[in-house]
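Engineer: How does the following fold in three dimensions:
(4 chains)
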Protein chains: 2
Amino acid sequence: MNGSEIRRSMPLFPISTVMQLTELSARQIRYYEEHQLISPARTEGNRRLFSLNDIDRLLEIKDLLDQGVNMAGIKQLFLLKAQHAEEQEQQAKKAKPELTDEELRKHLRNELLHAGKLNRSSLRQGDLSRFFH
Amino acid sequence: MNGSEIRRSMPLFPISTVMQLTELSARQIRYYEEHQLISPARTEGNRRLFSLNDIDRLLEIKDLLDQGVNMAGIKQLFLLKAQHAEEQEQQAKKAKPELTDEELRKHLRNELLHAGKLNRSSLRQGDLSRFFH
DNA sequence: AATACCATGTTAGAAAACCTCACATGAATA
DNA sequence: TATTCATGTGAGGTTTTCTAACATGGTATT
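Structural biologist: Coordinates of the predicted model:
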């Protein structure tokens, strides 16, 4: 998993933000999770926290539903895509140790805090920009 | 204001997420707002919602405090930077009508929903990627 | 036509997260 | 020593989110 993937899978957004970005209702979003089309992270207090990847998925789900595909169909499509992606990875990479959520956060924070430190104060556009490609 | 600026100023994150990304306490973040170093948006219910720009600013604040600059100093630095940025804009741009928050949201949603629609389902990386540079 | 199923709406009650305000504190400074 | 500054902490209240249950309007099936 490279840096971009790490950033895209970071749990950042509450459901209200996701509702606005996707124009889906809370009911819809939870229903899709119930059917395992997404698996948003949870806070200690059990609130959902969505990543950029989650939001992409939701937009895909919305798209496919609009085209008449049902839950089961979407699930199959996602399974296929996952398989395909896995093949790609195996082709290009060697095994690396998995990171826990906590480690991911640490990693991101570290990059955020220390990268480009020399000129942050003088740049019009701040560092966070580097984390969303 | 161009597309990137729109994206970077969208209110997206609750304070808990910002706390983790910046390693600041809620107290600190609110204190900096009190001193008008940041001005996060609010939900209808008065919860703070932070943008990428807000987060950048908080990281700058943290940096400057570490270097011994106090609130007043940081405020002046920000004022200067703002002036500088304004000059740049006036130099390069003609007047454009301002957008309300609601219009911004609409605009982003529209881009999100319709851009790249043809191949979204077949792409490994979804559309949202376009919104964070 | 009646029935069943699917995706979604709605409501209730509980818990988490967030809010403001007030007071406390330790370090630096006058 | 007294003040100021940046931050911690706690109380009490409001908003947001949670799950669970039941309601509903299309579609498909019998």
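Engineer: what residues are up against the nearest residue to residue A:13 once chain neighbours are set aside?
Structural biologist: Nearest-residue entry for residue A:13: residue A:50, 4.5 Å, with adjacent residues in sequence omitted and distances by CB to CB, 6 or more residues apart in numbering or on different chains. Just so you know, the C-beta spots here come from the backbone N, C-alpha and C atoms, and that holds for glycine as well. Under the criterion of CB atoms under 8 Å, 6 or more residues apart in numbering or on different chains, the neighbours of residue A:50 are A:11-15, A:17-18, A:38, A:40-41.
Engineer: Can you convert those residues into JSON lines and add a column each for neighbour count, distance to DNA strand C and pLDDT?
Structural biologist: As requested, these are exported to JSON lines (neighbours: other CB atoms under 10 Å in any protein chain shown; distance: CB to the nearest atom of the strand, whole Å; pLDDT from 0 to 100):
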{"residue": "A:11", "neighbour count": "20", "distance to DNA strand C": "12", "pLDDT": "97"}
{"residue": "A:12", "neighbour count": "23", "distance to DNA strand C": "11", "pLDDT": "97"}
{"residue": "A:13", "neighbour count": "23", "distance to DNA strand C": "11", "pLDDT": "98"}
{"residue": "A:14", "neighbour count": "22", "distance to DNA strand C": "7", "pLDDT": "98"}
{"residue": "A:15", "neighbour count": "17", "distance to DNA strand C": "11", "pLDDT": "98"}
{"residue": "A:17", "neighbour count": "20", "distance to DNA strand C": "11", "pLDDT": "98"}
{"residue": "A:18", "neighbour count": "23", "distance to DNA strand C": "14", "pLDDT": "98"}
{"residue": "A:38", "neighbour count": "23", "distance to DNA strand C": "12", "pLDDT": "98"}
{"residue": "A:40", "neighbour count": "23", "distance to DNA strand C": "13", "pLDDT": "98"}
{"residue": "A:41", "neighbour count": "15", "distance to DNA strand C": "11", "pLDDT": "98"}
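Engineer: all helices for chain A, in order.
Structural biologist: A:3-8, A:15-22, A:26-34, A:52-66, A:71-92, A:101-114 (DSSP state H).
Engineer: how about those helices in TSV, adding distance to residue B:46?
Structural biologist: Below are the helices of chain A laid out as TSV (distance: least, CB to CB, whole Å):
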stretch	distance to residue B:46
helix A:3-8	30
helix A:15-22	13
helix A:26-34	20
helix A:52-66	25
helix A:71-92	37
helix A:101-114	27
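Engineer: Export these as a markdown table, with columns for distance to DNA strand D.
Structural biologist: Conversion of these to a markdown table gives the following (distance: least, CB to the nearest atom of the strand, whole Å):
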| stretch | distance to DNA strand D |
| --- | --- |
| helix A:3-8 | 20 |
| helix A:15-22 | 3 |
| helix A:26-34 | 5 |
| helix A:52-66 | 12 |
| helix A:71-92 | 13 |
| helix A:101-114 | 15 |
